[in-house]
Structure formats: structure tokens, C-alpha cells
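Visitor: 3D, please:
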Amino acid sequence: MEYFRNYCIECGWEATTEEHWSRQEVSELAVEHHCERGHRIESLAIEYPVANA
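Guide: Presented below is the predicted three-dimensional model:
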């Protein structure tokens, strides 16, 4: 399982795969934020181990 987060280092804006459907959607929102505000975006991806059932 992967958790992906894009966040703005200037204003606290963020989008995550916990809130949105896909990594692509999160990335598109980050590009949109950068284009509208001119802010710098950082990314974080964390892979969690899958629990054995």
C-alpha cells in the first residue's frame, strides 16, 4: 500500500491519496496549485507493508 502526499512549502496547502482517488489526481492538484500561486511543491511517498490476513 502506498501513501502519496504533495505539499506546499510556502503556505501549508496539501493533497494526499487519503483524500483523493489516485496519485495522478494528487499530482494534478499540485501542478494546479503551483500554476495559480507560483509556490514550490514537495512530494512524499511512503510504502506501508501489507498486513497478513
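
Visitor: drop to CA atoms for contacts and neighbour counts, all remaining ones
Guide: Will do.

Visitor: tell me where the model's unsure across this structure.
Guide: 50-53 (pLDDT under 70).

Visitor: helices along this protein, start to end?
Guide: Here the chain has its helices, by DSSP state H, at 23-37.

Visitor: for it, which segments count as strands?
Guide: 2-8, 14-16, 41-47 (DSSP state E).

Visitor: can you list the ones you listed in CSV and add mean neighbour count and distance to residue 25?
Guide: Output for these, formatted as CSV (neighbours: other CA atoms under 10 Å; distance: least, CA to CA, whole Å):
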stretch, mean neighbour count, distance to residue 25
strand 2-8, 18, 11
strand 14-16, 20, 9
strand 41-47, 12, 13
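
Visitor: and the ones you listed as TSV, adding distance to residue 22?
Guide: Formatted as TSV, the strands of the chain follow (distance: least, CA to CA, whole Å):
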stretch	distance to residue 22
strand 2-8	9
strand 14-16	9
strand 41-47	12
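
Visitor: show me the contacts for residue 7.
Guide: 13, 14, 15, 30, 41, 42, 43 (CA atoms under 8 Å, 6 or more residues apart in numbering).

Visitor: the first one - nearest residue in space that isn't next to it in sequence?
Guide: Read that as residue 13. residue 7 (5.7 Å; CA to CA, 6 or more residues apart in numbering).

Visitor: what do you get for the second one?
Guide: Using CA to CA, 6+ apart and skipping residues adjacent in sequence, the residue nearest residue 14 is residue 7, 4.1 Å away.

Visitor: who does that neighbour form a beta bridge with?
Guide: Judged by DSSP bridges, the bridge partners of residue 7 are residue 14, residue 42.

Visitor: from residue 48, how far out is it?
Guide: 20 Å (CA to CA, to the nearest Å).

Visitor: cool, residue 31 as well?
Guide: 26 Å.

Visitor: neighbour-wise, which of the two wins?
Guide: residue 31 (17 against 9; other CA atoms under 10 Å).

Visitor: and the gap between that one and residue 25?
Guide: Residue 31 is 10 Å from residue 25, by CA to CA.
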